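Everything below, folded, please.
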Amino acid sequence: MSKKVVLQRVMRFLRTPDGPHLEVLRKEFQYLHRSQLREPGRAPRYVSTPVDLYAMQDGWMYFPCGLHERCLHVLSHAGYQPEYSDLRPSKLPSASTSKLTGLRPGQLEVLDAIAAADFGIVDALTGFGKGVVIQKVVEMYPKQKHAIITKSKTVCNQLYQRLKAVFPKAGCWNSDMHKEGNPLVCTSGSLGGLELDKFEVVQLDEVHELLIPTFLEYYPSFSGCKMISYSASPDQRLDNSALAMEAYFGTKIAKVDYQEGVDLGLVVPIEVWKVDWGCTPVDAIRNFKSDVKRMRLGYWGNLARNNAIARVVYEEVPKRVSEKDPQILILVDKIEHALELKKLLPDFEVVYGNMDEESADFFRKAKLLDGDPLTKKQVEEIRKKFTAGTVKRAIATSIWSTGVDFPQLSVIMRADGGASPIKDIQMPGRVCRISSGKEKGILVDFADTFDVWTARRSKNRFQSYEEKQWEILKVDLKQQ
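Below you'll find the model as predicted:
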């Protein structure tokens, strides 16, 4: 016979009293957090640290409410009968999606899932139309107080402008602007000045970026609100924190993957170019302990590789892309690489974040920078022109790797040589947006076989593309 166990919802947490059943929960609510350890004179290495997702207080075990389903399953499997009760003083009214208009295929199903859930993650591909869904959620709860939270200030400002056109009383809260309103769009770094317990519906943008101490310290203050999160890559964090994502933000309540998006007509197909540029294999870069040295030799200052990037722009794109003047975006990790590429691609705009005077002086001495660095205003002007399609070619650092929307973008080139599964999803998503005349989005990446270290990173990227079932076309520069 099953033993009854009390399980209660208390604002953003669940609790259960002390007892023998806690033994199975403790094992289930712990994970090994993976982090990179850097020590002087040694190559970076990874270490694993046990993390408990629970705490004991006054004879009760408390843990984040996203573990609700897991808790019920574990206790039932162990022979216990959970008796659940919700102690929150108030709950949202039922929401209806029947009167929502202006939806694209697949979005109504996602909104139905949101209406039925108290919390959870929407796992939808980049280009799905998240901005529309966020707006419709606000419409579903017209009398409630709303917050939309993002890590990026640029995205915050963009969402505010979008929502203000529909909701005149919308507000924006970040380091640039403190304007109260409903809905309120704010950055995760500006939450300290807000009464978080007053929000009844909270939507979290790019939630995989918010599993950080500076956001989680505010997590209890959101009280008993409905919390819906969005991400195209909730499972791709390198720190082994999938269980923590579930704990704080819930399980997936809806999923729209790339192939579904293509079938529904939400995005265009992606074609990957695997560029073999004839590099001579060596085995030296991986022996350097400095990440900066390896990145500079392998990517930033690698003239042969940078020349290959330029050849693809000026030789391959005109031959293989039917558009007369396709919009091209080259993504890099560091300003140094962007400036190096600018020497070979003089018709490209260069976009980057803040550059301090010490860095500017370094780049001037290296003859990579003339005059003053770009201001925030100049960067924003370039972004607007690129979005409108009046600027056709740009080289950008990570400030444009996520949270931007370029509908006319036809070709995206990964010059970064990255090794992040999240980037493997987020970066290509910039190029699959639907626009007039666009039949497919082109993602250009490079077979960097000149070193064991770079070859491994390249191999992992292309494996990621294959898993998404993107068509891969080989482009051989050696034979030309």
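
contacts and neighbour counts: CA atoms only from here.
Fine.

and the gap between Gly265 and Pro407?
With distances taken as CA to CA, to the nearest Å, Gly265 is found 14 Å from Pro407.

Comparing these two, which shows the higher neighbour count?
Higher neighbour count among Gly265 and Pro407: Pro407, with 20 against 15, using other CA atoms under 10 Å.

Look up the closest residue to the more buried one, ignoring the ones flanking it.
In this structure, Pro407 finds its nearest non-sequential neighbour in Arg433, 5.1 Å apart by CA to CA, 6 or more residues apart in numbering.

what's the span of stretch 84-102, first residue to last?
One end of stretch 84-102 to the other measures 39 Å (CA to CA).

so who does the residue nearest to Pro407 touch?
127, 266-268, 405-409 (CA atoms under 8 Å, 6 or more residues apart in numbering).

Need phi/psi at it.
phi -60, psi 150 (degrees, to the nearest 10).

that older thread, among the contacts of Arg433, which lie within strands?
Mapping the contacts of Arg433 onto strands (DSSP state E) picks out Leu409.

Export the contacts of Arg433 as a markdown table, with columns for distance to Val51.
A markdown table is the format used below for the contacts of Arg433 (distance: CA to CA, whole Å):
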| residue | distance to Val51 |
| --- | --- |
| Gly127 | 34 |
| Leu266 | 39 |
| Val267 | 39 |
| Val268 | 41 |
| Asp405 | 37 |
| Phe406 | 39 |
| Pro407 | 41 |
| Gln408 | 44 |
| Leu409 | 42 |
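
Nearest to Lys99 among the contacts of Arg433?
The shortest gap between Lys99 and any of these belongs to Leu266, at 21.4 Å (CA to CA).

mind checking how far the closest one is from Asp405?
According to CA to CA, Leu266 stands 14 Å off from Asp405.

okay, these two: which has more neighbours?
Leu266 (23 against 19).

how much space is there between that one and Val351?
Using CA to CA, we find Leu266 at a distance of 28 Å from Val351.

So which of the contacts of Arg433 is the closest to Val138?
Comparing these against Val138 with CA to CA places Gly127 closest, at 20.0 Å.

Next, the residue nearest the centre of the chain: phi, psi?
The centroid of the chain falls nearest to Glu206 when counting by CA atoms, centre = their mean (4.8 Å). For Glu206, the backbone dihedrals (degrees, to the nearest 10) come out as phi 50, psi 60.

what about the closest residue to it other than its chain neighbours, distance to Phe348?
The spatial neighbour of Glu206 that comes closest, neighbours along the chain excluded (CA to CA, 6+ apart), is Ser231 at 4.7 Å. Separation of Ser231 from Phe348 (CA to CA): 31 Å.

swap in Phe249?
Applying CA to CA, the value for Phe249 to Phe348 is 40 Å.

what about stretch 351-361, how long is it end to end?
One end of stretch 351-361 to the other measures 18 Å (CA to CA).

cool, stretch 353-372 as well?
Chord length of stretch 353-372, first to last residue, is 13 Å (CA to CA).

buried ones in that stretch?
Using 16 or more other CA atoms under 10 Å as the test for burial, stretch 353-372 gives 353, 360-361, 363, 368-369.

so which of those residues comes closest to Thr387?
Of all these, Thr387 sits closest to Gly353, with 17.6 Å by CA to CA.

in the protein, which segments are predicted with low confidence?
1, 38-44, 236, 280-283, 401-403, 421-428, 479-480 (pLDDT under 70).

Select the longest helix from it.
When the chain is parsed with DSSP state H, its longest helix is helix 452-467.

May I see the buried residues of the helix or strand just after it?
Under the assignment DSSP states H and E, the closest C-terminal helix or strand after helix 452-467 is strand 471-476. The neighbour-count check on strand 471-476 (16+ other CA under 10 Å) flags 472, 475 as buried.

And for stretch 2-10?
Going by 16+ other CA under 10 Å, stretch 2-10 has these buried residues: 5, 7-10.

Also stretch 273-282?
Going by neighbour count (16+ other CA under 10 Å), the buried part of stretch 273-282 is 273-278.

rewinding a little: same drill for Phe249 and Phe348, tell me which one is more crowded.
Phe249 (26 against 20).

need the contact list for the more buried one.
66, 119-121, 227-229.

now do Trp300
Counted by CA under 8 Å, 6+ apart, Trp300 has contacts 334, 336-338, 340.

Go again with 10 Å.
Applying CA atoms under 10 Å, 6 or more residues apart in numbering to Trp300 gives the contacts 292-294, 306, 332-341, 415-417.

Phe29 now?
If you count contacts by CA under 10 Å, 6+ apart, Phe29 has them with 51-54, 63-64, 67, 70-71, 243-244, 247.

Now go through these and say which are in strands.
Filtering the contacts of Phe29 for strands - DSSP E - leaves 51-52, 63-64.

Would you format those residues as CSV with neighbour count and distance to Glu217 included?
Shown next, in CSV, are the ones in strands among the contacts of Phe29 (neighbours: other CA atoms under 10 Å; distance: CA to CA, whole Å):
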residue, neighbour count, distance to Glu217
Val51, 13, 16
Asp52, 16, 16
Phe63, 24, 14
Pro64, 25, 13
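
And the furthest pair within those residues?
Val51 and Pro64 (13.5 Å).

between the buried residues of stretch 273-282, which is closest to Arg457?
Using CA to CA, these come closest to Arg457 at Lys274, 13.6 Å.

which ones are touching the residue nearest to the closest one when sequence neighbours are not counted?
Of all residues not flanking Lys274 in the chain, Lys474 sits nearest, at 4.8 Å (CA to CA, 6+ apart). Under the criterion of CA under 10 Å, 6+ apart, the neighbours of Lys474 are 272-276, 446-447.
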